[in-house]
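how does the following fold in three dimensions:
(one chain, ligands or ions: 2)
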Amino acid sequence: MEPIIELKGVSKEFKTLKKKKGKLGFIKDLFSTDYLIKKAVNQIDLSIYKGEIVGFIGPNGAGKSTTIKMLTGVLVPTEGTILVNGFTPHKQRVKYVKEIGVVMGQRSQLWWDLSVLDSFKVMKEMYELSDADYFVNMSIFEEELKISELFYKSVRHLSLGQKMLCEIVAVLLYNPKLIFLDEPTIGLDISVKIKIRNIIKRMNRENDVTVILTTHDISDIEALCHRIVIIDQGVIIFNDSMHKMKQLVGTERKTIEITTKDVIGDDLLTNIRQGFIKENVLFNLVTNKKMEIIYDRNEVDIDMLLMKIMRNTKVIDIDTSDVRIENIIKQVYEGKLL
Ligand SMILES: Nc1ncnc2c1ncn2[C@@H]1O[C@H](COP(=O)(O)OP(=O)(O)OP(=O)(O)O)[C@@H](O)[C@H]1O
Ligand SMILES: [Mg+2]
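Ligands and ions are numbered 1, 2, ... in the order given. The predicted structure is shown next:
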């Protein structure tokens, strides 16, 4: 099967001025031609297939938004080739944008002065959607999101969550083949997040829309994504299923959370770490009185470890669970896994 999105050796460099030090630095900056090259995206290869929901994640500054902007034709790659649904995004923007939907958490594409319903009608006309399709889609949005409650409000008076729901509706409305969502759930409460997840799932299932999603909320990824692509410092460091990621960490891993009466100091940590191999057990401080221990059941004698901790400090609570996906991803970011 041909991929719907294909990136080959794609890089993006930004030129920024090298900052001058000292009292007159500001004046010098004004006339400087001394540039720094920042490689925000570095030689990435990626194929995405029709109907996939791909979670595109990575720490702040990793290159996610830069990649999305290249995929949507807003930025031109410094090197490499990008094909999306047969188009080179930055060269064929006018034709291309009819087939894609883009929602950026920080940017609005609704008309500030129109009512919500009028905004949707404008979208319908712009994208030449038939009355029948418009009706079918609006019925779905009503069922999942109760969107009619907002019809006669003006966009400028919507709350953050209401506005994001409308942004997503405005994009899904015209049946794009692909949607790019850059942090759509940022700052939203859980009930709105769940609505957004549900509508994405439904449009993916019923219309086979391909979804590329960036988020810092791992529960969005768990709820939606078939595949995870992790980018770090412009380089793709993981590209596989959630299942594979869990496997990599090993199903034998467990988490214990220990709450202590007193503040956990460095000396205590050093003391309990002694005698254990770093690969088999990880100690993370959750708060200054709570630590999380992620360990391999086959390699670590947990009774001994707990006894050691209890000998050194007063423990007031112990909680166990399987490894949380957040922790797995944290380990990937920190280079502990790959
Ligand atoms: N227009 C620009 N000019 C110069 N540098 C830029 C520009 N846009 C992005 N960068 C830099 O490129 C790198 C990648 O930025 P990008 O916005 O793609 O990160 P991100 O993964 O989306 O991060 P976040 O999770 O914070 O949104 C950063 O170091 C950023 O400072
Ligand atoms: Mg970003």
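
distance check, residue 213 against residue 233.
21 Å (C-beta to C-beta, to the nearest Å). Any C-beta I mention is one placed from the backbone N, CA and C, and that applies to glycine too.

residue 319 now?
Distance from residue 319 to residue 233, by C-beta to C-beta: 34 Å.

between those two, tell me which one has more neighbours.
Each of residue 319 and residue 233 has its neighbours counted (other C-beta atoms under 10 Å); residue 233 has more, 14 against 11.

and the residue lying closest to the more buried one once chain neighbours are set aside, which of the three is it?
Distances taken as C-beta to C-beta, 6 or more residues apart in numbering place residue 62 nearest to residue 233, at 6.5 Å, with adjacent residues excluded. Three-state call for residue 62 (DSSP: H, G, I helix; E, B strand; the rest coil): coil.

wait, what's in contact with residue 62?
Contacts for residue 62 (C-beta atoms under 8 Å, 6 or more residues apart in numbering) come out as 231, 232, 233, 234.

all helices of this protein, in order?
25-31, 64-71, 93-96, 116-126, 131-145, 160-172, 190-207, 218-224, 242-249, 266-273, 302-312, 325-333 (DSSP state H).

save those helices as JSON lines, and put in mean neighbour count, distance to ligand 2 and mean pLDDT too.
Below are the helices of the chain laid out as JSON lines (neighbours: other C-beta atoms under 10 Å; distance: least, C-beta to the ion, whole Å; pLDDT from 0 to 100):
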{"stretch": "helix 25-31", "mean neighbour count": "11", "distance to ligand 2": "26", "mean pLDDT": "74"}
{"stretch": "helix 64-71", "mean neighbour count": "23", "distance to ligand 2": "3", "mean pLDDT": "95"}
{"stretch": "helix 93-96", "mean neighbour count": "12", "distance to ligand 2": "21", "mean pLDDT": "82"}
{"stretch": "helix 116-126", "mean neighbour count": "17", "distance to ligand 2": "25", "mean pLDDT": "94"}
{"stretch": "helix 131-145", "mean neighbour count": "15", "distance to ligand 2": "25", "mean pLDDT": "96"}
{"stretch": "helix 160-172", "mean neighbour count": "22", "distance to ligand 2": "16", "mean pLDDT": "94"}
{"stretch": "helix 190-207", "mean neighbour count": "17", "distance to ligand 2": "18", "mean pLDDT": "94"}
{"stretch": "helix 218-224", "mean neighbour count": "19", "distance to ligand 2": "14", "mean pLDDT": "87"}
{"stretch": "helix 242-249", "mean neighbour count": "14", "distance to ligand 2": "21", "mean pLDDT": "71"}
{"stretch": "helix 266-273", "mean neighbour count": "13", "distance to ligand 2": "34", "mean pLDDT": "84"}
{"stretch": "helix 302-312", "mean neighbour count": "14", "distance to ligand 2": "39", "mean pLDDT": "87"}
{"stretch": "helix 325-333", "mean neighbour count": "18", "distance to ligand 2": "15", "mean pLDDT": "68"}
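
what's the closest of the ones you listed to residue 153?
helix 116-126 (5.7 Å; C-beta to C-beta).

mind giving me the packing neighbours of that closest one?
helix 160-172 (3 or more C-beta pairs under 8 Å, 6 or more residues apart in numbering; DSSP states H and E).

angle of the helix it packs on against helix 116-126?
Interaxial angle, helix 160-172 versus helix 116-126 (axes from the mean of the first three to the mean of the last three C-alpha atoms, to 10 degrees): 20 degrees.

near ligand 1, which residues of this structure show up?
14, 16, 38, 40, 58, 60, 61, 62, 63, 64, 65, 66 (C-beta under 6 Å from any ligand atom).

isn't residue 225 up against residue 242?
Yes: look at residue 225 against residue 242 with C-beta atoms under 8 Å: they come within range, at 6.7 Å.

so how far is residue 212 from the closest residue to residue 183 other than its chain neighbours?
Nearest non-adjacent residue to residue 183, counting by C-beta to C-beta, 6+ apart: residue 105, 3.7 Å away. Applying C-beta to C-beta, the value for residue 105 to residue 212 is 14 Å.

verify the contact between residue 103 and residue 165 for me.
No: the pair formed by residue 103 and residue 165 falls short of the contact definition of C-beta under 8 Å, at 10.6 Å.

related to what we said a few turns ago, out of the helices of the chain, which comes closest to residue 255?
Of all those, helix 325-333 comes closest under C-beta to C-beta, at 6.8 Å.
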